[in-house]
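**Q** Predicted model and sequence follow; I will ask about them next.
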Amino acid sequence: MSGGGGLKKLLSVAVTHGVDEARARIFGHVLNATGARSSHKLLRKKLIGDKIAQWYPYDIKQDDPLVMARLEQERLSKLEMLKRRGKGPPKKGQGKRASKRK
């Protein structure tokens, strides 16, 4: 009479599956009967981009052209000072790498 045990197991599996489906519908869970990997756990997390953006202060340099012009002028004057001392960047095609090939 092993056939009766198989039927009982089949019924219990069907009832368990039905209960799982009902639970998933009621509580809004995602049913993953096969156990396959899913990105659902990652996707249900809250997005934190806005919180991170609020942490950093607003950068005024990007909007104010006077600040950007002053910074560019400082950069150019520093570069000119380095060139006068012979420490500036080499002309195109005359750096270390080009001199090694010759």
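**A** That came through, no problem. Numbering: from 1, shown residues only.
**Q** for this structure, which spans come out with low pLDDT?
**A** The chain contains residues with pLDDT under 70 at 1-4, 101-102.
**Q** Mind naming the longest helix for the chain?
**A** Scanning the chain for the helix with the most residues, using DSSP state H, yields helix 2-27.
**Q** which element follows that helix toward the C-terminus?
**A** Going down the chain from helix 2-27, the next helix or strand is helix 40-43, by DSSP states H and E.
**Q** just how off-centre is that following helix within its chain?
**A** Computed by CA atoms, centre = their mean, to the nearest Å, the chain-centroid distance of helix 40-43 equals 14 Å.
**Q** Renumber starting at 377 from here on
**A** In the new count, where the first residue is 377, that last one comes out as helix 416-419.
**Q** Contacts for that helix next, please.
**A** Helix 416-419 is contacted from outside by Val406, Asn408, using CB atoms under 8 Å, 6 or more residues apart in numbering. Using the backbone N, CA and C atoms, a C-beta is placed for each residue, glycine as well.
**Q** For that helix, C-alpha coordinates in CSV please.
**A** C-alpha atoms of helix 416-419 as CSV (Å, rounded to 0.1, in the frame of the first residue of the first chain):
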residue,chain,number,x,y,z
HIS,A,416,14.2,41.2,-6.2
LYS,A,417,16.0,41.6,-2.8
LEU,A,418,18.2,44.3,-4.3
LEU,A,419,15.5,46.1,-6.2
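**Q** quick one: buried residues of that helix?
**A** The neighbour-count check on helix 416-419 (16 or more other CB atoms under 10 Å) flags nothing as buried.
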